[in-house]
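Asker: Sequence below, structure please.
(chains A and B)
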Amino acid sequence: MIPIGDVNWFGGLVGGGLIGLSAMLLLLANGRIAGISGMAGGLFNGPSDPAFGMRALFLGGVVAGAGLLMTTSLGESVELMTGRGGLILAGLLVGAGTRLGGGCTSGHGVCGLARRSTRSFASTVTFMGVAMATVYVTRHML
Amino acid sequence: MTEAASRSVVALLAGLLFGAGLTVSGMVNPHRVIGFLDITGRWDPTLALVMGGALLVTFPTFPRVLRRSRPLFAARFELPTKVRVDGALLLGAALFGAGWGIGGFCPGPGIAALATGSVDVVLFVAAMLLGMFGMKLLGR
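Answerer: Reported below is the predicted structural model:
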């Protein structure tokens, strides 16, 4: 394990709480699931979709909120772990997979588990397991 | 303020909270994420704390919210309708997991990281959108 002092205890819990608060707020007020892959994919339906504005505002907010915090000492910087080829491959897999599987860490993980959804539990266990196996293969075997 | 205007304000506010949460927690940082997924290596439990922190809020509140007859500013809840664990769900999760393990980015952090203006992040997000669009064309 990494040194205990390097774990982002406060930021992790508070940041997670903010994510949870965001999801709870969106559900209570707008009746919508804060699933990022669904939000992004939904934009492909075009502006005629009644949820287009909501999705655009939410995702815009995500970028803005991140940008704001990155100007402070509270925000962590983005340290890439792979080159451009890897990022493109990763992007294609993440995009195709989240669309086919109907969600990602926010939709299935944060929201789906809270809904006590069997589908989300199955998805979360699967993507977590495969992600861990992928890291093992790519970083310890190859 | 009309309900539609209220929904817009909430959407923006929720997005801001989400983006802030991703950044403060380090989830925009692939190094932290890979550190968590690297269970046989120098393991970083931070992601578990983030998930835990998020579920601490959503797990107790979601059932209560969903018992309401309607949301605050919308006519009804828009929830997923599928119930069966099918092949598409599992294959999709596997593909997603593989991509996540390679790049250390999932959709939220990828989009949030656009705030850095990095070309590499733009490449990831563009590829992600392409992957989504490709699946859409396949009828998924």
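
Asker: give me the number of residues near B:Ala5?
Answerer: 10 (other Cβ atoms under 10 Å in any protein chain shown). Any C-beta I mention is one placed from the backbone N, CA and C, and that applies to glycine too.

Asker: For it, give me the pLDDT.
Answerer: As predicted, B:Ala5 sits at a pLDDT of 97.

Asker: Just list what the host helix or strand of it packs against, helices and strands only.
Answerer: Using DSSP states H and E, B:Ala5 maps to helix B:3-25. For helix B:3-25, the elements it packs on are helix A:9-25, helix A:52-70, helix B:46-66, helix B:107-112, judged by 3 or more Cβ pairs under 8 Å, 6 or more residues apart in numbering or on different chains; DSSP states H and E.

Asker: closest to B:Gly21 out of these?
Answerer: helix A:9-25 (3.2 Å; Cβ to Cβ).

Asker: do whatever helix or strand comes next after the closest one and chain B meet at all?
Answerer: Note on helix A:9-25: by DSSP H and E, the next helix or strand toward the C-terminus is helix A:36-42. Yes. Counting by Cβ under 8 Å from any Cβ of the partner chain, chain B has neighbours in helix A:36-42: A:36-37, A:40-41.

Asker: Averaged pLDDT, helix A:36-42. What do you get?
Answerer: Average pLDDT, helix A:36-42: 97.

Asker: packing partners for that helix?
Answerer: Using 3+ Cβ pairs under 8 Å, 6+ apart: helix A:36-42 touches helix A:52-70, helix A:84-101, helix B:107-112, helix B:119-137.

Asker: would you turn these into TSV with mean neighbour count and mean pLDDT?
Answerer: Below are the helices and strands packed on helix A:36-42 laid out as TSV (neighbours: other Cβ atoms under 10 Å in any protein chain shown; pLDDT from 0 to 100):
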stretch	mean neighbour count	mean pLDDT
helix A:52-70	22	98
helix A:84-101	24	98
helix B:107-112	30	98
helix B:119-137	20	98
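
Asker: residues in contact with B:Met27?
Answerer: A:15, B:21, B:33, B:47, B:50, B:108-109 (Cβ atoms under 8 Å, 6 or more residues apart in numbering or on different chains).

Asker: which of those are buried?
Answerer: A:15, B:21, B:33, B:47, B:50, B:108-109 (16 or more other Cβ atoms under 10 Å in any protein chain shown).

Asker: what's the closest of the residues you listed to A:Ala114?
Answerer: Nearest member of the buried ones among the contacts of B:Met27 to A:Ala114, counting by Cβ to Cβ, is B:Val50, at 14.5 Å.

Asker: Distance check, the residue positioned nearest the centre of chain B against chain A.
Answerer: What sits nearest the mean C-alpha location of chain B, by Cα atoms, centre = their mean, is B:Gly108, with 4.5 Å. When distance is defined by Cβ to the nearest Cβ, to the nearest Å, B:Gly108 is 4 Å away from chain A.

Asker: can you pull the contacts of that residue?
Answerer: B:Gly108 neighbours (Cβ under 8 Å, 6+ apart): A:36, A:62, A:104-106, B:18, B:22, B:27.

Asker: now do B:Leu95
Answerer: Residues near B:Leu95 by Cβ under 8 Å, 6+ apart: A:93-94, A:96-97, A:100-101.

Asker: if I look at the nearest residue to it once chain neighbours are set aside, how far off is B:Leu55?
Answerer: Using Cβ to Cβ, 6 or more residues apart in numbering or on different chains and skipping the chain neighbours, the partner closest in space to B:Leu95 is A:Gly97 (3.1 Å). For A:Gly97, the distance to B:Leu55 (Cβ to Cβ, to the nearest Å) stands at 22 Å.
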